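Asks: Quick one: sequence plus predicted model below, questions after.
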Amino acid sequence: MEKTPTLERMRQVLEQMRRARVAVFGDFCLDAYWLLDPDSSETSVETGLPVRRVHTQRYSPGGAGNVTVNLAALGVARVTAIGVAGRDAFGDQMVRLLSAAGVETTDLYRGQDDWQTCVYAKPCRGEAEESRIDFGGGNVPDGVTIQRLCASLEAAAATHDVLIVNQQLPRGLVVAPLIAAINRLTQAHPKLIVIVDARDVAASFERVSLKLNAAEAARVAADGTRDASDVPALAGALQARMGRPVFVTRGERGLIVADGRRIEQIPGVQVAPPIDPVGAGDALLAVLAAALAVDTAPDAPLTAGYVANLAASVTLRKVGTTGSASPAEILAAAEQADYVYLPELASDLRQAAYLPDTEIEAIRALPDNLEIRHAIFDHDGTLSTLREGWEKIMEPIMLKAILGPRYQNANETRFARVTQACREFIDRTTGIQTLVQMQGLVALVRQFGCVPASEILDEHGYKKIYNDALLEMVSRRVQKLERGELCPEDFQLKNAHALLRALHARGVTLYLASGTDVQDVIAEARAMGYADVFGDRIFGAVGDVNVEAKKLVLARIMQENGLSDANLVTFGDGPVEIRETRRRGGVTVGVASDEVRRFGLNPAKRKRLIRAGADLIVPDFSQLTALLQTLRLPEAAKPAKPGRKAHA
């Protein structure tokens, strides 16, 4: 995998985008969000049918229109819309929105009498979107319209750096005569960059860059000679055919870039729910175009792919709208991007490769100059199982918080949808501060709309409810330890204490970092009998979402000790500590623990940890000697027995 472009390199490209001139041709649409009154029970006197009363309506450009808005949000110097809008009220609204965003609309032709503006009308009742109502699906451009568009395309080719072709409709503007016109432009204007995002007709273009998803790539490249599931090979074949860079999107698995020099897999970006995928592809397309318009470096397509991938992750976070991404938002995402690594390996245990005679799965080669001097440990699920079962406590609390007064009588569909949302949220946020998780819960409560706004608690209120329930369970377990009914080993991962003692004996400085409140981490480490090896290096949450314990510890020890990637190892069963260590160049041991048995592999954890960037995966610490040897930690010196001399 190529090295991720530096933050400075991305900042440079984003600043250069201000010089870009981009024209967008295709299906200009309008997204209409009609928010229905949930309490309306009126019946029409004339028809006897129930009336659906709209209490709020919201409009935003869709399709090619959203691409232009995304370009404008990037600060692109010139954005030109080339397409058709109807003479109806929706067309008026579209032109107003585009003009307000700074898009040139002179070439948005409105002269065809029978043309209906393409509208995706989305009635929404609460959090649920009802059956969509579409306008403009039967439009057919007439001869005059095609002539006008050909003239606009020719003019744009002479005055713009990039032409984007964006097809949304099977029966829209991207028809044979206009495809032929664009193919002539690529021949007559070899310096013009043409990027095509077409759902059905991409194969009809020549000498263009393609932006398409994996299914579209398989369809366009299909010739019976290659495996349709081998997306990198498909991207390479399409690039060879077009002679231009090809970009294949794979959702959360990221983006493949084939530019003739390389076929690179850019990792996806993990985004915690709630998310909304609407418009993410448009943001990605806009960044690709704007970056390629101004960047002539050999790695330009790869850099454009990374920046575009980050832009898509920004829009995913904007729920209920076709959002855009500004340069500042993209840079902020780049600084904290949680990349998803090796998703195919993570999802398929059959691909696991183990070190000889061990259960240690080797994901990446460790540094040649590995010399571990510092080790960071996550606590819950990595060393301790005192909090095993926290998910079973958090899920019902989230369900009750989201459904509120509807908890008891919610129908099966709604209850299942909320349950699924809660489980996905818990899975994606394992290991982060509880307070941050509760911020996400607040967002989910607002999104589902079952609780009156005045009754929604803040993150501190929900955290107290959860913590009270969790600490009740933990306290019962600690009391059993104190009474001698159970011993610390009953709540430790296999050989956890032995590993800590072995590292301590070898002079490795140990740190304990948790998303749990710091006073609780200290108390539980003492109850488990290993607080002494950490000394004053136990860190946890302090009630401030801007202070993340694991990030703080990593930043501190890297700064104070001048560590390199060969000096630091982190052990953890959650994505946060793995990602943060990888971001800083340290070695990562993912602990895919079964917290019930306290030994053996948890496949769900393995998947999360590989995706987060783990270098090694262990189910527990039972193979302690092999693990220490893998980390190149020699045996600690043993004291001589009484009456005998130690050999030199």
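Replies: Yep, it's here. Since this is a predicted model, take the numbers as computed values, not measurements.
Asks: And the strands in the stretch 351-500 of the chain, which stretches?
Replies: 361-362, 374-377 (DSSP state E, counting those that start in this stretch).
Asks: For the longest one, which strands pair with it and how are they oriented?
Replies: Applying DSSP bridges to the sheet, strand 374-377 is found paired with strand 509-517 (parallel), strand 568-572 (parallel).
Asks: now what about it, what contacts it?
Replies: For strand 374-377, contacts defined as CB atoms under 8 Å, 6 or more residues apart in numbering pick out 383, 500, 503, 508-513, 550, 553-554, 557, 561, 563, 567-572, 577, 581. (Glycine included, C-beta is placed from N, CA and C.)
Asks: let's see it at 6 Å
Replies: Contact with strand 374-377 is made by 383, 503, 508-513, 553, 557, 568-571, as judged by CB atoms under 6 Å, 6 or more residues apart in numbering.
Asks: Save the strands paired with strand 374-377 as a markdown table, and put in mean pLDDT too.
Replies: Listed next are the strands paired with strand 374-377 as a markdown table, based on pLDDT from 0 to 100:
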| stretch | mean pLDDT |
| --- | --- |
| strand 509-517 | 89 |
| strand 568-572 | 95 |
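Asks: most neighbours per residue, which of the ones you listed?
Replies: Scoring the strands paired with strand 374-377 by mean neighbour count under mean count of other CB atoms under 10 Å gives strand 568-572 as the most buried, with a mean of 27.
Asks: Toward the C-terminus from it, list the very next helix or strand.
Replies: As assigned by DSSP states H and E, the chain's next helix or strand after strand 568-572 is helix 575-583.
Asks: Can you name every helix or strand that that next one contacts?
Replies: Counting contacts by 3 or more CB pairs under 6 Å, 6 or more residues apart in numbering; DSSP states H and E, helix 575-583 packs against helix 549-561, strand 568-572, strand 587-591, helix 603-612.
Asks: so where's the stretch 201-350 of the chain shaky on pLDDT?
Replies: By pLDDT under 70, the low-scoring segments of the stretch 201-350 of the chain are 223-228, 320, 322.
Asks: Dump the strands paired with strand 374-377 to TSV, plus distance to residue 125.
Replies: What follows is the strands paired with strand 374-377, written out as TSV (distance: least, CB to CB, whole Å):
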stretch	distance to residue 125
strand 509-517	36
strand 568-572	42
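Asks: got the contact list for residue 17?
Replies: Counted by CB under 6 Å, 6+ apart, residue 17 has contacts 74, 76, 290, 294.
Asks: can you do 7 Å?
Replies: When contacts are counted by CB atoms under 7 Å, 6 or more residues apart in numbering, residue 17 touches 74-76, 290-291, 294.
Asks: thinking again about what came up before, mean pLDDT lowest for which of the strands of the stretch 351-500 of the chain?
Replies: Mean pLDDT is lowest for strand 374-377 out of the strands of the stretch 351-500 of the chain, coming in at a mean of 94.
Asks: Now residue 423: closest residue in space, sequence neighbours ignored.
Replies: residue 395 (6.7 Å; CB to CB, 6 or more residues apart in numbering).
Asks: pLDDT at the one you found, what is it?
Replies: Taking residue 395 on its own, its pLDDT is 95.
Asks: please renumber so the chain begins at 657
Replies: With 657 as the first residue, the last one maps to residue 1051.
Asks: Counting neighbours, what do you get for it?
Replies: Neighbourhood size, residue 1051 [other CB atoms under 10 Å]: 15.
Asks: Hmm, it is touching residue 1078, no?
Replies: Yes: using CB atoms under 7 Å, residue 1051 is in contact with residue 1078, at 5.3 Å.
Asks: picking that back up, for the strands paired with strand 1030-1033, which one sits closest to residue 864?
Replies: Smallest distance to residue 864 across the strands paired with strand 1030-1033 (CB to CB): 45.0 Å, for strand 1224-1228.
Asks: Can you list the buried residues in stretch 947-954?
Replies: Using 16 or more other CB atoms under 10 Å as the burial criterion, the residues of stretch 947-954 that qualify are 947-951.
Asks: try stretch 900-916
Replies: 900-906, 908-915.
Asks: Kindly report the same for stretch 917-932.
Replies: In stretch 917-932, counting by 16+ other CB under 10 Å, buried: 919-932.
Asks: likewise stretch 1044-1054?
Replies: Residues of stretch 1044-1054 classed as buried: 1044, 1046, 1049-1050, 1053-1054 (neighbour count, 16+ other CB under 10 Å).
Asks: now residue 964, nearest residue through space, not along the chain?
Replies: That would be residue 943: by CB to CB, 6+ apart, it lies 3.9 Å from residue 964.
Asks: What distance do you get for the one you found to residue 1259?
Replies: Separation of residue 943 from residue 1259 (CB to CB, to the nearest Å): 36 Å.
Asks: more crowded one of those two?
Replies: Set side by side, residue 943 and residue 1259 show more neighbours around residue 943, with 29 against 13, by other CB under 10 Å.
Asks: Surely the more buried one and residue 965 touch.
Replies: No: using CB under 7 Å as the test, residue 943 is too far from residue 965 to be in contact (8.6 Å).
Asks: about what we covered before: what's the most buried one of the strands of the stretch 1007-1156 of the chain?
Replies: Among the strands of the stretch 1007-1156 of the chain, ranked by average contacts under mean count of other CB under 10 Å, first place goes to strand 1030-1033 (a mean of 24).
Asks: Please parse this structure into its domains.
Replies: The record's domain parsing of the chain by automatic domain parsing lists 663-693+710-994, 999-1041+1148-1286, 1046-1138.
Asks: how distant is the second one from the center of its chain?
Replies: Going back to what we said before, that points to domain 999-1041+1148-1286. Averaging C-alpha positions (CA atoms, centre = their mean, to the nearest Å) puts domain 999-1041+1148-1286 23 Å from its chain's average.
Asks: sorry, back to before: which one of the strands paired with strand 1030-1033 lies nearest to residue 1273?
Replies: Closest of those to residue 1273 is strand 1224-1228, at 11.3 Å (criterion: CB to CB).
Asks: got the angle for that closest one vs strand 1243-1247?
Replies: On the basis of axes from the mean of the first three to the mean of the last three CA atoms, to 10 degrees, strand 1224-1228 is oriented at 20 degrees to strand 1243-1247.
Asks: quick one: contacts of strand 1224-1228?
Replies: Contacts of strand 1224-1228 (CB under 7 Å, 6+ apart): 1028, 1030-1034, 1038, 1233-1234, 1237, 1242-1247, 1287.
Asks: Report pLDDT for the closest residue to residue 746 other than its chain neighbours.
Replies: Nearest residue to residue 746 in three dimensions, chain neighbours excluded: residue 773, at 3.9 Å (CB to CB, 6+ apart). On pLDDT, residue 773 comes in at 97.
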